[in-house]
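> Everything below, folded, please.
(3 chains)
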Amino acid sequence: MKKFVLSRDENSPESFTIPYKEKLNSAQLEAVMHQSGPVLVAAGAGTGKTRTLTYRVARLIESGTDPANILLLTFTRRAAFEMLQRAGEILDQRCRLVKGGTFHHYCSSVLRKHSNEIGYPDNFTILDAADSMQVIQFLRSQLNFKKGGKRFPQKSTLYSIFSGSVNRQIEIPKLLENEYPQFMEWTDQIVQLNDHYHQYKTDHFVMDFDDLLVNTRNLLQNNDNVRQQVSSKLVQILVDEYQDTNRLQDELVQLFSSVHGNVMVVGDDVQSIYSFRGADHKNMLRFPKTYQNCKVIKLEENYRSTSRILDLANKLLAEATDKFEKDLYSDLGKGSLPGLVKAATVNDQSRFVTQMILQMREEGKELNDIAVLFRNGRDSFDLEVELNNKKIPFRKFGGQKFTEAAHVKDVLSHLRVFVNPKDLISWNRVFMLLEGIGPKTASELFKIAQNSTNPLQPDLESITNERYREQLKALATLFRTMKNVEGSVSEMLELVVEYYRSFCKKRFDDYPKRMRDLETFVDISGRYGTVQSLLEEIALDPIESTVIDSEASENDEAPLTLSTIHSAKGLEWDTAFIIQCLDGIIPSGYSLDSDDQIQEELRLFYVAITRAKNQLFISYPALYQSYYGDYFSKPSRFLDNIPESILEPWMLVEESHNDNQLEEGKNKLTE
DNA sequence: GGGTTGCAAACAGAG
DNA sequence: TTTGCAACCC
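As a prediction, this is how the structure comes out:
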């Protein structure tokens, strides 16, 4: 095919309203002003990656690119939202029209538009990881694999296998051989189960996260009309956090940019921390080879952290193998020496963090300039209690999500069958709430519902069992009343929540708290236009638990941030605490038998450290309390070779009335 | 047969 | 805090 490029009268730099030259360094400016063709921006931590993307969005719009023809792909929805908001502030509201979001979001919107081309209706629903696992579990029990008591992999393992195979584009047998040799004897059964899983998803009009990417890729690959239609609207494509994209996403970028070829990817290979999800930082190394005439721009000056924090980061990275050589430097002064805090117990660690935060707040620091970072969601539990006691408001990112809690899933299942009556797993959940109904009866009822003219008002004639006939009538009534208020998402949700109240009471000891959660959920559900969009948004961007909690509280002080390191990616704070830096936590105990995985844990630790602008505390408890008992623990191996001149040891001393003279460099704890 | 209940065991990271 | 499994009731 021939291509004719329509030229446009570019604005001259002088006519821009934004003084780009003053706001950006030369490398950033080059990236922002780049006209057309592929570009790779290799950007170290804190070198103004976000700033560059933000200004580029504004610049493109100023130069006359229709904002609706710009696609900004980011790692989280929040990141896209914040960047476009910033762009809007420096330019104007046109920036809101830019398409921004994650790969999953964008693919989902493409698929809704073209669902018929791939044999789906447009009301397909999205399975989150837990839903997918339930489907797998259901199919597994149907297939009934049992053989001499040999262990068949758990549903979560099966899910990782299926998902890994898709995202890395490796066949299942090969993947088993490489990563799960202990399950190789089950290869045939696992492959068979995967086939059933695929069949299930097409039969029941559901897609999992991976399907959003795969189906979009397949659609664009197999249907040239659609590919042209989609990619001709993507005049400029920007991809953030490119080091954490996988093979499949790489292919998508190629398809999206196939008409215009204007694609800028931005990333930092040493911040690649998502290989467990199939991310391959070699995408970055490959990029210049895949795209001919690709320009490479490096951002190296760090604008975030003081040099003492960078010294620690650089020192740590010296241990990393397989990376681009890169030394971060900054002009922000030396700053204070990062501290390595040894606490006696987990609770002492929490008291230290809490008291430091209180002290900083006293000195005028804002809580939202401070973050506490950790490896696993549960590593902050003790601290959360301590913060609550001291009435310090916080928001937590990562870990268990609000929408993953059992009571929320119960309620959502009702909405899901309402939108997509073929969703068997949700029906099962709905039915199994009823007294006397287990998996077997639930499947029977599902069949009855499917064979009825309206599955939401199933034909109950054939049901002889009086015991649940009444309950099923109540359920049918619920769906009928929901239909009546269709259009008001909050009202529909409220009906479900009221219906659910008695089940909640029966199922949970802490039912008042759970009901309060659900009521808050009703309150915030007004922001979703339709039930379908509520379900979609929630699957692709689950609500954090603390959002629901803080919605209820009246405190308007900007809160402290607690976050897993993974969720803290791309963000920065004046002060950061990294807690639970124990060997076995970071690096995670799961990673110890593979060198590649330990390297990834090291990069993760690097990401954590480079979140801090001014002050950094790394802490660990000397005695670690696990559910199984207490044991003495060793600080992270990554700290082994760090000299005290780079990371200063702190010790915590209990305040005592007859000893007021504390030595220099020591800090005290008070009750 | 099918549903419920109680106990032992394991527990990442996220779209 | 959830999940798998075995023993126990309708």
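> Now for A:Met184, how many residues are close by?
Neighbourhood size, A:Met184 [other CB atoms under 10 Å]: 11. Every residue, glycine included, has its C-beta placed from N, CA and C.
> now A:Arg247
Counted with other CB under 10 Å, A:Arg247 comes out at 18.
> likewise A:Gly88?
18.
> got a list of what it touches?
Applying CB atoms under 8 Å, 6 or more residues apart in numbering, we find A:Gly88 in contact with A:Arg94, A:Cys95, A:Arg96.
> would you say A:Ala576 is within a strand?
Yes: remark: A:Ala576 belongs to a strand, assigned using DSSP: H, G, I helix; E, B strand; the rest coil.
> That one contacts A:Asn614, doesn't it?
No: A:Ala576 sits out of contact with A:Asn614 when judged by CB atoms under 8 Å, with a separation of 9.2 Å.
> The two: which has the busier surroundings?
A:Ala576 (29 against 19).
> Any chance of the backbone angles for the closest residue to the more buried one other than its chain neighbours?
Spatial nearest neighbour of A:Ala576, chain neighbours left out: A:Ala612 (3.8 Å); criterion: CB to CB, 6 or more residues apart in numbering. Backbone dihedrals for A:Ala612, given as degrees, to the nearest 10, come out at phi -90, psi 140.
> again, but for the one 4 residues further on
Phi and psi for A:Leu616, reported as degrees, to the nearest 10, are phi -140, psi 130.
> Look at it and say how many residues are nearby.
A:Leu616: 28 surrounding residues under other CB under 10 Å.
> count of neighbours near the closest residue to it other than its chain neighbours?
Leaving aside its chain neighbours, A:Leu616 sits nearest to A:Pro338 (4.0 Å; criterion: CB to CB, 6+ apart). Number of residues near A:Pro338 (other CB under 10 Å) recorded here: 23.
> Likewise for the one 3 residues further on?
Using other CB under 10 Å, A:Val341 is surrounded by 24 other residues.
> In stretch A:401-409, which residues are buried?
Going by neighbour count (16 or more other CB atoms under 10 Å), the buried part of stretch A:401-409 is A:Lys401, A:Phe402, A:Thr403, A:Ala405, A:His407, A:Val408, A:Lys409.
> any bit of it sitting next to DNA strand C?
Yes: among the residues of stretch A:401-409, A:Ala405, A:Ala406 lie within reach of DNA strand C under CB under 7 Å from any atom of the strand.
> avg pLDDT for that stretch?
The average pLDDT for stretch A:401-409 rounds to 90.
> now swap in stretch A:30-47 and tell me
Mean predicted lDDT for stretch A:30-47 stands at 95.
> quick one: buried residues of it?
For stretch A:30-47, using 16+ other CB under 10 Å, the buried residues are A:30-34, A:38-47.
> Out of these, which sit inside strands?
Judged by DSSP state E, the buried residues of stretch A:30-47 include A:Val39, A:Leu40, A:Val41, A:Ala42, A:Ala43 as members of strands.
> want to throw those into TSV with distance to DNA strand C?
TSV is the format used below for those (distance: CB to the nearest atom of the strand, whole Å):
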residue	distance to DNA strand C
A:Val39	44
A:Leu40	41
A:Val41	40
A:Ala42	40
A:Ala43	38
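> And the residues you listed, which is closest to DNA strand B?
A:Ala43 (20.1 Å; CB to the nearest atom of the strand).
> which residues does the closest one contact?
Counting by CB under 8 Å, 6+ apart, A:Ala43 makes contact with A:Lys49, A:Thr52, A:Val266, A:Gly267, A:Asp268, A:Lys298, A:Leu299.
> swap the cut-off to 10 Å and go again
Contacts for A:Ala43 (CB atoms under 10 Å, 6 or more residues apart in numbering) come out as A:27-28, A:31, A:49-50, A:52-53, A:240, A:242-243, A:266-268, A:271, A:297-300, A:326.
> near DNA strand C, which residues of chain A show up?
A:Ala130, A:Gln137, A:Gln154, A:Lys155, A:Ala405, A:Ala406, A:Tyr627.
> Now flag whichever of those is closest to DNA strand B.
A:Tyr627 (3.4 Å).
> in chain A, which helix or strand is least confident?
Sorted by mean pLDDT, DSSP states H and E, the helices and strands of chain A end with strand A:666-669, the least confident at a mean of 54.
> out of the buried residues of stretch A:30-47, what pair is the most spread apart?
Pairwise distances across those peak at 24.9 Å for A:Pro38 and A:Gly46 (criterion: CB to CB).
> Relative to DNA strand C, how far out is the nearest residue to A:Asp459 once chain neighbours are set aside?
Leaving aside its chain neighbours, A:Asp459 sits nearest to A:Ser452 (4.4 Å; criterion: CB to CB, 6+ apart). For A:Ser452, the distance to DNA strand C equals 27 Å [CB to the nearest atom of the strand, to the nearest Å].
> burial of A:Ser452, as a residue count?
Residues near A:Ser452, counting by other CB under 10 Å: 16.
> what do you get for A:Phe162?
21.
> Tell me the predicted confidence for it.
So A:Phe162 comes in at 94 (pLDDT).
> Let me see the contact set for it.
Taking CB under 10 Å, 6+ apart as the test, what A:Phe162 contacts is A:Ser132, A:Ile136, A:Ile172, A:Leu175, A:Ile190, A:Leu193, A:Asn194, A:Tyr197, A:His198, A:Asp208, A:Asp210.
> so which of those comes closest to A:Lys21?
The closest of those, once distances to A:Lys21 are taken by CB to CB, is A:Asp210, at 43.8 Å.
> helix, strand or coil for the closest one?
A:Asp210 carries the three-state label helix when classified by three-state DSSP.
> If anything else comes up later, I'll come back, but that's it for now.
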